[in-house]
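Just to be clear, the model below is a prediction. Sequence and coordinates:
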Amino acid sequence: MRNKVLTGIGLTMALVVLTGFAVRYGSRSAQATSGEANMVEVEAFPETVAADNGFSIEVLVDGRQLTEYAARGRRYIEALENAEYEVRIHNPTGSLVAVALSVDGLNSIDARHTSAWDAHKWVIAPYGTIHVRGWQMSGESARRFYFTTERDSYAAKLGQAQNLGLITAVFFRERRPVTIMATPRPNKEERARDERSAPEPKTMGESSASSQGGRDAARQRSVPSYPPPDDESAATGIGRSVRNDVQWIKMDLDSRPAGEITIRYEYRASLVRLGIIPRDYPRPNVLDRRERAQGFEPKYCPQP
């Protein structure tokens, strides 16, 4: 399958693809300022970067990577309220790669909620790195990602608040040309034998239609109801407009993902409640205090 992809123009470009389309940023290996992470290392086993098959994504605030915590079989980072952030994505392979990047369940290129294969994708050159800083609004501009509340999030504004708090990247390699060998045509005897062994075609009757209707009704009943967006949990907003030139190119992608990475983000209070990071104050040793208690002291009762 042939895929259209966008190539970047100017100094701030990255690539995007949609099952056939991709956009490209120009600075494919730009480096952010290095610095210490914004969180303290704790028993949740902080990691430097979320990676899968060598592919990696990092969340940066002011050029600094936020520490990732491996816990509950997932990767977590601490969202910093009202801080603008960007996603740095690296391709460690010698092949051209397209990556579908979703934030809060919405594609970062067109804000649609689709499968990774059907999504528009950013394209990364071999051994290249791109920085996705916001929602792509046109061929020339984007609007910055920033941490905010669920109620203020871009997804909530679009009525798509079911998948808040997630950043997901799915990678697809460019397909390599393959040689297809010609299949010999069957002779008359083989065709006749195949026709005799073919199953009878099925007809759609009322019972089939009713059973399909029953399955549809059951599917609708099984859809979970979600609580409305709140002002306590983290999500991503749609921020200020910035210049980001992109253009479409064509790519032929392997339909099998080469890697997938998901990062969960929460405000510190939620990470504490989940047990991902410890509380900011030491827990008092109650038993030690009680062991040191005394019944009497040689003094009078104090004045209140």
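Arrived safely, thanks for sending.

in the stretch 101-250 of the chain, which spans are strands?
106-107, 121-124, 129-132, 134-136, 141-149, 166-173, 234-243, 248-251 (DSSP state E, counting those that start in this stretch).

quick one, which of those strands is nearest to residue 290?
Closest to residue 290 of the strands of the stretch 101-250 of the chain is strand 234-243 (Cβ to Cβ; 39.1 Å). In this view, the C-beta of every residue, glycine as well, is placed from N, C-alpha and C.

Now do the closest one against strand 166-173, angle only.
For strand 234-243 against strand 166-173, the angle by axes from the mean of the first three to the mean of the last three Cα atoms, to 10 degrees is 60 degrees.

for strand 234-243, packing partners?
Helices and strands touching strand 234-243, by 3 or more Cβ pairs under 8 Å, 6 or more residues apart in numbering; DSSP states H and E, are strand 134-136, strand 141-149, helix 154-157.

Quickly compare those and say which is most buried.
Comparing these by mean neighbour count (mean count of other Cβ atoms under 10 Å), strand 134-136 comes out on top with a mean of 25.

Run me through the strand neighbours of that strand, direction for each.
Strand 134-136 sits in its sheet next to strand 141-149 (antiparallel), going by DSSP bridges.

Below-threshold pLDDT in the stretch 151-300 of the chain: ranges please.
Along the stretch 151-300 of the chain, segments meeting pLDDT under 70 span 177-226, 281-284, 298-299.

that older thread, out of the strands of the stretch 101-250 of the chain, flag the one nearest residue 74.
Per Cβ to Cβ, nearest to residue 74 of the strands of the stretch 101-250 of the chain: strand 166-173, 9.7 Å.

Need the contact partners of that closest one.
With Cβ atoms under 8 Å, 6 or more residues apart in numbering as the test, strand 166-173 has contacts from 17, 52-53, 55, 57, 59, 87, 89, 91, 93, 95-105, 116-117, 119, 121, 253-265.

can you redo the helices and strands packed on strand 234-243 as a markdown table with distance to residue 110?
As requested, the helices and strands packed on strand 234-243 are arranged in a markdown table below (distance: least, Cβ to Cβ, whole Å):
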| stretch | distance to residue 110 |
| --- | --- |
| strand 134-136 | 7 |
| strand 141-149 | 12 |
| helix 154-157 | 12 |
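
Okay then, goodbye and thanks.
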